[in-house]
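Participant: using only what follows, build the 3D model:
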Amino acid sequence: MKSAIIARTGLLVLTAGFVFQPQWFVGFLAPFARNNAPAIYSQNSLLVLTVNHLMLVAVATASATIIAVTLGILATRPKGREFLPLSRAIANMGQTFPPVAVLAIAVPIFGFGAVPAFIALLLYGLLPIFENTLAGLTELDPVVTDAGRGMGMTDRQLLWYVELPLALPVIVSGIRLTAIISLSTATIGSTVAASTLGEVILAGLLSGNTAFVLQGGLIVAALAILLNAGFMFCEQRLRRGLVRDA
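Facilitator: Have a look, this model is predicted:
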């Protein structure tokens with residue numbers, strides 16, 4: 001446990017150093033540069049690109065969470081179960097149309113920039129959260145909900161004070177999957193002029209400069225590892241809280 005914490009802390013420090021002071025890593029990246037090209041990407045700040053990348057992922061994930069959890073709640077209510085196929089179809093939409101196809105459709109409508117990338121990430125991130133919300137709310141022990149009704153709780157109180165808290169670890173697991181998928185998928189947003197770390201990777205691919213590709217790829221990979229660790233920590237705390245309260 002301690003070794004994992006030390007490793008993650010070290011990765012966090014290394015990533016921060018790479019983003020804030022990329023020139024420190026010229027010696028590491030220089031062998032990967034080609035044709036006397038610079039080893040460090042300088043067309044835009046790595047810090048700015050990283051912040052923009054994370055903001056895009058955060059907004060898309062938060063929006064997907066609101067929509068998917070709402071659909072999951074509605075589909076598990078007695079009066080809304082007949083809408084489950086429609087809700088699942090909406091959640092599956094993003095998986096049916098890959099992000100590249102969504103970008104191709106969205107750009108002529110919304111133009112170049114972050115909006116088409118946001119739409120692609122939003123649609124692609126619905127399914128994991130929706131399915132986990134369904135699982136969390138439908139697999140609850142009936143004894144628990146019956147006890148809540150026995151205490152005189154209304155359906156709304158039962159949802160907010162019993163069902164959602166118990167289902168929260170499973171829902172957070174779905175949010176984690178969506179956030180990780182969005183973090184990697186957001187790199188293609190740079191193909192439509194969205195400001196993401198994909199800009200560095202794309203510049204490296206177009207110029208044949210592996211050093212640029214490594215910069216963008218390593219930062220995205222490190223962020224994915226750290227983000228996954230953060231969500232896993234939250235899930236463990238939530239599950240421990242449920243066990244302690246049981």
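Participant: tell me the pLDDT at the spatially most central residue of the chain?
Facilitator: Nearest to the mean C-alpha position of the chain, by CA atoms, centre = their mean, lies Ala179 at 1.0 Å. pLDDT, Ala179: 96.
Participant: same question, Val162
Facilitator: For Val162, the predicted pLDDT is 85.
Participant: pLDDT below threshold where in the protein?
Facilitator: 1, 242-246 (pLDDT under 70).
Participant: follow-up on the earlier one: element containing the residue nearest to the centre of the chain?
Facilitator: Per DSSP states H and E, Ala179 falls inside helix 164-185.
Participant: can you list the buried residues in that helix?
Facilitator: Neighbour counts over helix 164-185 (16 or more other CB atoms under 10 Å) mark 164, 166-183, 185 as buried. Any C-beta I mention is one placed from the backbone N, CA and C, and that applies to glycine too.
Participant: how about stretch 208-219?
Facilitator: For stretch 208-219, burial by neighbour count (16+ other CB under 10 Å) applies to Asn209, Thr210, Ala211, Phe212, Val213, Leu214, Gln215, Gly216, Gly217, Leu218, Ile219.
Participant: gap between that stretch and the chain center?
Facilitator: 22 Å (CA atoms, centre = their mean, to the nearest Å).
Participant: now the helices for this protein?
Facilitator: 2-20, 26-29, 46-76, 84-96, 99-110, 114-138, 142-150, 155-158, 164-185, 198-207, 210-245 (DSSP state H).
Participant: now those helices as JSON lines including distance to Val192?
Facilitator: Below are the helices of the chain laid out as JSON lines (distance: least, CB to CB, whole Å):
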{"stretch": "helix 2-20", "distance to Val192": "23"}
{"stretch": "helix 26-29", "distance to Val192": "27"}
{"stretch": "helix 46-76", "distance to Val192": "12"}
{"stretch": "helix 84-96", "distance to Val192": "17"}
{"stretch": "helix 99-110", "distance to Val192": "5"}
{"stretch": "helix 114-138", "distance to Val192": "5"}
{"stretch": "helix 142-150", "distance to Val192": "46"}
{"stretch": "helix 155-158", "distance to Val192": "42"}
{"stretch": "helix 164-185", "distance to Val192": "13"}
{"stretch": "helix 198-207", "distance to Val192": "10"}
{"stretch": "helix 210-245", "distance to Val192": "16"}
